[in-house]
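Colleague: For reference, the sequence and a predicted model appear below.
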Amino acid sequence: MATTQHNQISIEKYRDKAAGYDASAEFTMPLRRRTIALLQLQAGQTVLDVGAGTGLSYALLRQGVGEQGRVLAFEQSPDMFALAQQRVQSEGWANVWHANAPAETVQLPALA
């Protein structure tokens, strides 16, 4: 099966899950927090969130890199990305760059 077909299957699966994803992920939040803590992020760093979903990790990642750092993220599901976009806009996070694109084609911004 071609990569594009795999991507489309994933997009379809997450279409129905997007609206309830954050609530369903509450059970795994302790694991998410521990995993991000293990990154030992420092102020001013740049961190990459691959398959960012609804942006549920953005706040934790931002805590690690601070206002001077950057969170770069991408998500291929349009439905999940729309929720991440709403999160970034409602929080006013200027240091979160994210794109709705699969890993195979995402164009990350240049690092300063």
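Modeller: Arrived safely.
Colleague: Apart from its chain neighbours, what residue comes closest to residue 3?
Modeller: Closest residue to residue 3 in three dimensions, ignoring its sequence neighbours and counting by CB to CB, 6 or more residues apart in numbering: residue 104, at 6.0 Å. Glycine gets a C-beta too; all of them are placed from N, C-alpha and C.
Colleague: Ok, residue 11 next?
Modeller: Nearest residue to residue 11 in three dimensions, chain neighbours excluded: residue 77, at 5.2 Å (CB to CB, 6+ apart).
Colleague: One more: residue 108?
Modeller: residue 72 is the one closest to residue 108 (CB to CB, 6+ apart), at 5.8 Å.
Colleague: average model confidence for the host helix or strand of that neighbour?
Modeller: Assigned by DSSP states H and E, residue 72 belongs to strand 70-75. In this model, strand 70-75 has a mean pLDDT of 98.
Colleague: hang on, the earlier thing: quick one: the residue nearest to residue 108 and residue 107 touch, right?
Modeller: No. In this structure, residue 72 is not within contact of residue 107 by CB atoms under 8 Å, at 11.0 Å.
Colleague: Who has more neighbours out of these two?
Modeller: Per other CB atoms under 10 Å, whichever of residue 72 and residue 107 has more neighbours is residue 72, with 20 against 8.
Colleague: Pairing partners for the more buried one in the sheet, please.
Modeller: Legend: beta-bridge partners of residue 72 under DSSP bridges are residue 48, residue 97.
Colleague: For it, give me its contacts.
Modeller: 46, 47, 48, 49, 97, 98, 108, 109 (CB atoms under 8 Å, 6 or more residues apart in numbering).
Colleague: No further questions, thank you.
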